[in-house]
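S.K.: any chance you could fold what I've pasted below:
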Amino acid sequence: MISNQILQTTVDGLKAISRVDLCVIDSDGKIAAKTFDDVQGCVADALTFMDSPAESQVVNGYQFFKVIDEQNLEYILLAKGTSDDVYMLGKLAAFQIQNLLVAYKERFDKDNFIKNLLLDNLLRVDMYTRAEKLHIETDVKRVVYIIETKHEKDTNALEIVRTLFAGKVHDFITAVDEKSIILVKEVKGNETYEELDKTAQVIIDMLNTEAMSSAHIAYGTIVGDIREVSRSYKEAKMALDVGKIFYSNKNVVAYSRLGIGRLIYQLPIPLCQMFIREIFGGKSPDDFDDETLSTINKFFENSLNVSETSRQLYIHRNTLVYRLDKLQKSTGLDLRVFDDAITFKIALMVVKYMKYMESKDTF
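M.R.: Modelled structure (predicted):
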């Protein structure tokens, strides 16, 4: 159904051109839009006209027209006046509203189709049949973005994204839940993943500027057929989760660049718990003090370089060596040894993953 705001804009525009007052009444007898005030007296006549077999009728100085879509009466249009010019304008207005109904219904149908496509709710034969009916190409390259903002039900952010891609008729913006906005974007033949990153950054900048809202964006891999769109969506969902766990400092996360985070994310929790017990015994990285954790993180950031790490921490080299020796005694792992450093780094990532999954289970 068209919003009353759209109908009001339409009748206001027609009146500005023709100087003829118009009123739209829905099939429940409620006034949807009007350009004059004394319309209540016309409602009873409109209800009577609904039961009439005529498509148009003149009653009490008004011309009435039916707006029908697929044999269903949607609206009654009133045009004030009885002249031939008013009749012609009324017919044009009814035709315009009918076209709006068709356009909005197609938009709704497309939105519904895209949602079911993302959630993998369509049989393959239905997928291609409905896509053809809705004039959606099936064999073009596409990628799915998930845009998550701070606030749930952020309609302002949704409209901004829609406005940003308003001219891209082959791109689709929808939402399958209250937390995120989904963009199914057509990918041109020469577009690279670096350019997909730039698109994501443009969206983030626009949301920051227009909606004063920070956002995180994840996207899947480029797919070449409409049946694979749901796979790109699932990849984007995983990328969003993995990004929150391991790459929280990044606003844009691509599934194709998740690295070891993708592997850890797919590990069963019991296996993770067994691994942590094996590495740390009865301890957990949460038991380390802030000084030790900051030392560990800085040491990894500097590729196990003792001199550079001590310089950036503003401590003597021997102090850093003392801390690393102390850590080795408590864990059995020497971070200056490459194999031990990798084991420790993976263990820290596994702990992050376990804490994230635990926090999800509590909601």
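S.K.: tell me the mean pLDDT over the strand or helix carrying Gln63?
M.R.: Using DSSP states H and E, Gln63 maps to strand 62-69. Across strand 62-69, pLDDT averages out at 91.
S.K.: do stretch 311-323 as well
M.R.: Mean predicted lDDT for stretch 311-323 stands at 92.
S.K.: list the buried residues for that stretch?
M.R.: For stretch 311-323, the buried set under the neighbour-count rule, 16 or more other C-beta atoms under 10 Å, comprises Leu313, Leu320, Arg323. Quick note: C-beta positions are derived from backbone N, CA and C, even for glycine.
S.K.: in a markdown table: these, plus secondary structure and distance to Val125.
M.R.: Shown next, in a markdown table, are the buried residues of stretch 311-323 (DSSP: H, G, I helix; E, B strand; the rest coil; distance: C-beta to C-beta, whole Å):
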| residue | secondary structure | distance to Val125 |
| --- | --- | --- |
| Leu313 | helix | 63 |
| Leu320 | helix | 65 |
| Arg323 | helix | 64 |
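S.K.: which one of those sits closest to Arg336?
M.R.: Nearest to Arg336 among those, counting by C-beta to C-beta, is Leu320 at 10.1 Å.
S.K.: identify the residues contacting the lowest-mean-pLDDT helix or strand in the chain?
M.R.: Every helix and strand in the chain was compared by mean pLDDT, DSSP states H and E; the lowest is helix 155-164, with a mean of 85. With contact meaning C-beta atoms under 8 Å, 6 or more residues apart in numbering, helix 155-164 is reached by 147, 149, 151, 173, 175, 181, 183, 202-203, 206-207, 210-211, 213, 215.
S.K.: name the next helix or strand downstream of that helix, please.
M.R.: Next along from helix 155-164, by DSSP H and E: strand 172-174.
S.K.: tell me the domain boundaries of the protein?
M.R.: 4-101, 124-263, 268-361 (automatic domain parsing).
S.K.: the helix or strand where Asn99 lies vs strand 62-69, what angle?
M.R.: Take DSSP H and E as the rule and Asn99 turns out to sit in helix 84-118. Per axes from the mean of the first three to the mean of the last three C-alpha atoms, to 10 degrees, the angle that helix 84-118 makes with strand 62-69 is 20 degrees.
S.K.: buried set for helix 84-118?
M.R.: For helix 84-118, by 16+ other C-beta under 10 Å, it's 86-87, 89-91, 93-94, 96-98, 100-101, 110, 113-114, 116-118.
S.K.: where do the strands sit along the protein?
M.R.: With DSSP state E as the criterion, the chain has strands at 22-26, 31-34, 56-59, 62-69, 72-80, 142-149, 172-174, 180-186, 215-219, 252-254.
S.K.: what strands flank the first one, and is each parallel or antiparallel?
M.R.: What it means is strand 22-26. Applying DSSP bridges to the sheet, strand 22-26 is found paired with strand 31-34 (antiparallel), strand 72-80 (antiparallel).
S.K.: also the fourth one?
M.R.: Taking DSSP bridges as the criterion, strand 62-69 pairs within the sheet with strand 56-59 (antiparallel), strand 72-80 (antiparallel).
S.K.: can I get stretch 239-254 as CSV, trimmed to CA atoms?
M.R.: Once non-C-alpha atoms are left out, stretch 239-254 reads as follows in CSV (Å, rounded to 0.1, in the frame of the first residue of the first chain):
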residue,chain,number,x,y,z
ALA,A,239,32.7,-11.7,8.6
LEU,A,240,30.7,-9.4,10.8
ASP,A,241,31.0,-11.7,13.8
VAL,A,242,34.7,-12.5,13.2
GLY,A,243,35.4,-8.8,12.8
LYS,A,244,33.8,-8.0,16.2
ILE,A,245,35.9,-10.7,17.9
PHE,A,246,39.3,-10.3,16.3
TYR,A,247,39.4,-7.0,14.3
SER,A,248,37.3,-4.6,16.5
ASN,A,249,39.5,-1.7,15.4
LYS,A,250,38.3,-2.1,11.8
ASN,A,251,35.1,-0.6,10.4
VAL,A,252,35.1,-2.7,7.2
VAL,A,253,35.7,-6.5,7.2
ALA,A,254,35.8,-8.6,4.1
